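> Sharing a model that was predicted from the sequence below.
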Amino acid sequence: MTRDADCLFCKIAGGEIPADVVRENERTLAFRDISPQAPTHVLVVPRDHHRDVASLAAAEPDTLAELVRTAADVAADEGIDAYRLVFNTGEQAGQSVFHVHVHVLGGRAMTWPPG
Ligand code: AMP
């Protein structure tokens, strides 16, 4: 298990900081975003620490696939068949927590391009 003692999402995955968890297993955790941008806004993270999606793809491709499957399961649990998955990668793209997470956004109409 790779862990970073200073990482917020490692602390959530380890149960040190509470979160509104909607799904979990040995490798992944899904919890509601603290500042929701849509009626459904859930973050899916691996328990292992990787800073972004490219790092996760290189190190644990199966876990990346599982993040996407879990995101689809979350959408099904929420009763939505249209949703947006977002991996912000890098500060300029909006990444603020450097532990890979996919945003599952849905429950309202989405516009394109994103801001
Ligand atoms: P990003 O900006 O793509 O790195 O996404 C980080 C997300 O984490 C933001 O949408 C925040 O609202 C969310 N967030 C920050 N702290 C927490 C927390 N304690 N519990 C749940 N979500 C959080």
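Received the coordinates, thanks. Residues are numbered from 1 along each chain as shown.
> gap between Asp73 and Val102?
Using CB to CB, to the nearest Å, Asp73 is found at 12 Å from Val102. C-betas here are computed from N, CA, C, even on glycine.
> which SSE is His99 in?
Using DSSP states H and E, His99 sits in no helix or strand.
> from what I can see it touches Val45, true?
Yes - between His99 and Val45 there is a contact under CB atoms under 8 Å: 6.2 Å.
> shared neighbours of those two, anything?
Listed contacts common to His99 and Val45 are Phe9; contacts here mean CB atoms under 8 Å, 6 or more residues apart in numbering.
> on that earlier part again, if you count surrounding residues, which of Asp73 and Val102 has more?
When Asp73 and Val102 are compared on other CB atoms under 10 Å, the one with more neighbours turns out to be Val102, at 24 against 15.
> beta partners of that one?
Beta-bridge partners recorded for Val102 (DSSP bridges): Val44.
> got it, and Arg84?
Leu105.
> ok, how many other residues are close to it?
Number of residues near Arg84 (other CB under 10 Å) recorded here: 15.
> ok, it to Val104 distance?
Taking CB to CB as the measure, Arg84 falls 8 Å from Val104.
> For Gly90, give its distance to Thr2.
With the distance defined as CB to CB, Gly90 ends up 20 Å from Thr2.
> Check Arg51 too.
11 Å.
> Looking at these two, which is more packed in?
The neighbour count for Arg51 versus Thr2, taken as other CB under 10 Å, is higher for Arg51 (16 against 11).
> Give me the nearest residue to the more buried one, chain neighbours excluded.
Phe98 (4.6 Å; CB to CB, 6 or more residues apart in numbering).
> Can you pull the residues of this protein lying near the ligand?
Neighbours of the ligand within the chain, by CB under 6 Å from any ligand atom: Leu8, Ala19, Phe31, Asp33, Ile34, Ser35, Leu43, Asn88, Gly94, Gln95, Ser96, Val97.
> Could you dump the residues you listed into TSV and include pLDDT and secondary structure?
Listed next are those as TSV, based on pLDDT from 0 to 100; DSSP: H, G, I helix; E, B strand; the rest coil:
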residue	pLDDT	secondary structure
Leu8	98	helix
Ala19	98	coil
Phe31	98	strand
Asp33	99	coil
Ile34	98	coil
Ser35	98	coil
Leu43	99	strand
Asn88	98	coil
Gly94	97	coil
Gln95	98	coil
Ser96	98	coil
Val97	98	coil
